[in-house]
Each structure stands twice: as structure tokens, then as C-alpha cells.
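> here is my input, please return the structure:
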Amino acid sequence: MDKGMCKMTVLFEGRFWIGVIERIENEKLSVCKVTFGPEPEEYEIYDFILREYYHLKFSPAVAAVENQRSVNPKRMQRNVKSQLEQKGIGSKAQQALKLQQEQLKMERKVKCRERKQAESEQKFKLKQQKRRQKHKGH
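Alright, predicted model coming up:
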């Protein structure tokens, strides 16, 4: 049986409000970072999740440990209250975000390298064409 859990943390970072969405599926953690402009209201966050969740780009999955035991409802309430008071995001989530950032960086480097190579080939072809034009008819 597949189990999944999703958790979103909204916090203020620098000049913007960001949301960190942590998704655990099949004991694998993947994370996505979303930047909001001004402070989002609760209904705006809910609407965002309903509309955009399936379009989000999550980081590559990393191993996560999930507790399987049942929890007393009162203890669960205390845990939820302490998580709401907590600032920041978990270290596993930070590692997953860093992994995603590095992956995007590598993709950008590859695209940039390909673009530069195509430009240099185009310049070379143009230069060759000009050389041939000079030698024609003289």
C-alpha cells in the first residue's frame, strides 16, 4: 500500500514570502520551493495548491524515514502546535532543495554551452561564406 504525505511551510525569507512544500511518497522525500510576493492569505495558499500542485517541479527524491506507529490525539495536537510555532524548514528538506538547485544549475550550464557552440558555428559559417564571396569573380 502506497502512503503519501505532503506538508507546506510558509515563511518570510529576505524580501519575499516563500512556501516550502515537502512531499513524502514511498519513503522518499522531495521538495519544492515557491516564491510568493506579499504575505499570502490562507485561502490564497489553498487556492494555489489546488490549481498549481501538479505543475510544480519537485527536487529529486532523497531517502526519508517515516514513523509508522500511531500517535495519541492529544500528543498529535501538541506536535502540530509546536510545528506551527517552529521557524524554518527541516534539514532533509534543505538538502533536497540544494540538490534541486544544483540540478537546475547543471541544466542551465548545458543549455548555455550548447547556445555558445551554436553561435560560434554560425559565426564560423558566416566567416567562411564571406571568404568565398571575396574570392568569387576577382
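> please tell me how far Glu121 sits from Arg115.
To Arg115, Glu121 is 11 Å away according to C-beta to C-beta, to the nearest Å. The C-beta positions use only the backbone N, C-alpha and C, and glycine is treated the same way.
> do Tyr54 as well
Taking C-beta to C-beta, one finds Tyr54 at 30 Å from Arg115.
> okay, and Cys32 sits in which element?
strand 28-36 (DSSP states H and E).
> and the residue nearest in space to the middle of the chain, how far is that from Gly4?
Centroid-nearest residue in the chain: Cys32, 3.9 Å away (criterion: C-alpha atoms, centre = their mean). For Cys32, the distance to Gly4 equals 14 Å [C-beta to C-beta].
> and Gly4, bridged to which residues?
Per DSSP bridges, the residues bridged to Gly4 are Glu25.
> partners of the helix or strand bottoming out on mean pLDDT in the chain, with directions?
Every helix and strand in the chain was compared by mean pLDDT, DSSP states H and E; the lowest is strand 62-63, with a mean of 80. Counting by DSSP bridges, the strands paired with strand 62-63 are strand 28-36 (antiparallel).
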